[in-house]
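This is the structure alone, sequence omitted:
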């Protein structure tokens with residue numbers, strides 16, 4: 001399905017995969033939820049098989065969890081050697097090791113501080129060195145916050161927080177977990193992470209379907225950073 005989507009979108013597919021994190025979601029749909037080590041090992045085998053299916057005429061693979069025998073995937077993706085693969089997950093011992101071997105882009109979800117993000121980069125770099133992978137060939141992505149709220153002034157900011165903050169979350173935690181600020185503050189934060197080599201930003205605008213925050217970001221952040 002992913003290969004077909006890459007074809008019909010004229011080579012625009014970005015493929016993301018992770019080991020799963022929500023036990024209740026798995027149980028709701030009757031999907032097993034084994035311990036993290038097993039889930040991550042299954043993810044790695046899945047990525048290896050997918051890459052084979054995308055790049056080889058007939059794929060063969062024998063793993064601990066999955067196997068394929070002379071399996072065919074047609075049509076092949078337009079992007080060569082294959083669509084970019086984002087491996088999601090911030091686990092430092094296992095998930096980042098898989099990312100070091102197979103990811104074109106890493107996604108750790110929201111990391112609360114710049115210093116913690118720097119630490120994660122060092123962990124990934126060490127895994128890359130261990131598998132003889134060039135650390136620079138993995139694109140770095142970043143979440144500016146769990147959710148993004150871009151506003152012009154403090155009054156509007158306070159109104160959005162009062163309206164959208166869940167009742168069971170404290171104001172302190174809500175501000176800690178999300179980015180709430182002006183376009184200037186947003187540009188500054190983007191520059192800080194870009195200075196660490198981040199080229200891809202994951203943005204979840206928390207006031208959607210209202211488009212005011214998204215439009216403000218487009219007009220006052222994206223366009224002005226390009227100019």
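Yes, it's here. All values reported here derive from a predicted model rather than from experimental measurement.

Quick one: distance of the longest helix along the chain to the chain centre.
For the chain, the helix that runs over the most residues, judged by DSSP state H, is helix 36-55. Helix 36-55 has its C-alpha centroid displaced from the chain centroid by 17 Å (CA atoms, centre = their mean, to the nearest Å).

Pull out the buried positions in that helix.
Under the neighbour-count criterion of 16 or more other CB atoms under 10 Å, helix 36-55 has 36, 39-45, 47-54 buried. Heads up, the C-betas are built off the backbone N, CA and C, glycines and all.

repeat for stretch 81-94
82, 83, 85, 86, 87, 88, 89, 90, 91, 92, 94.

First-to-last residue distance for it?
Taking CA to CA, to the nearest Å as the measure, stretch 81-94 stretches 25 Å from start to finish.

ditto for stretch 175-195
End-to-end distance for stretch 175-195: 24 Å, by CA to CA.

Need the contact partners of that stretch.
For stretch 175-195, contacts defined as CB atoms under 8 Å, 6 or more residues apart in numbering pick out 110, 112, 114, 117, 142, 144-153, 157, 160-161, 169, 201, 206, 216-217, 220-221, 224-225.

follow-up on the earlier one: tell me which of the buried residues of helix 36-55 is nearest to residue 68?
Nearest to residue 68 among the buried residues of helix 36-55: residue 49, at 5.8 Å, using CB to CB.

measure that closest one to residue 138 for me?
21 Å (CB to CB, to the nearest Å).

for residue 194, same thing?
16 Å.

And these two? Which one has more around it.
residue 138 (21 against 14; other CB atoms under 10 Å).

ok, how many other residues are close to residue 213?
20.

was I right about it contacting residue 147?
No: if you go by CB atoms under 8 Å, residue 213 and residue 147 don't touch, sitting 9.7 Å apart.

Give me the pLDDT value at the residue sitting nearest the centre point of the chain.
The chain has residue 107 as the residue nearest its centroid, 3.3 Å off, counting by CA atoms, centre = their mean. At residue 107, the pLDDT value in this model is 96.

contacting residues around it?
The contact partners of residue 107, by CB under 8 Å, 6+ apart, come to 16, 86, 87, 88, 89, 141, 202.

so what sits against both of residue 213 and residue 147?
Listed as contacting both residue 213 and residue 147 by CB under 8 Å, 6+ apart are 205, 206.

Going by residue numbers, what spans are helices in this structure?
2-8, 23-28, 36-55, 95-102, 114-130, 154-164, 171-177, 183-194, 212-217, 223-226.

JSON lines for the ones you listed, including distance to residue 66 and mean pLDDT?
JSON lines is the format used below for these (distance: least, CB to CB, whole Å; pLDDT from 0 to 100):
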{"stretch": "helix 2-8", "distance to residue 66": "16", "mean pLDDT": "97"}
{"stretch": "helix 23-28", "distance to residue 66": "18", "mean pLDDT": "94"}
{"stretch": "helix 36-55", "distance to residue 66": "5", "mean pLDDT": "97"}
{"stretch": "helix 95-102", "distance to residue 66": "15", "mean pLDDT": "97"}
{"stretch": "helix 114-130", "distance to residue 66": "23", "mean pLDDT": "97"}
{"stretch": "helix 154-164", "distance to residue 66": "42", "mean pLDDT": "79"}
{"stretch": "helix 171-177", "distance to residue 66": "36", "mean pLDDT": "85"}
{"stretch": "helix 183-194", "distance to residue 66": "36", "mean pLDDT": "94"}
{"stretch": "helix 212-217", "distance to residue 66": "40", "mean pLDDT": "91"}
{"stretch": "helix 223-226", "distance to residue 66": "43", "mean pLDDT": "85"}
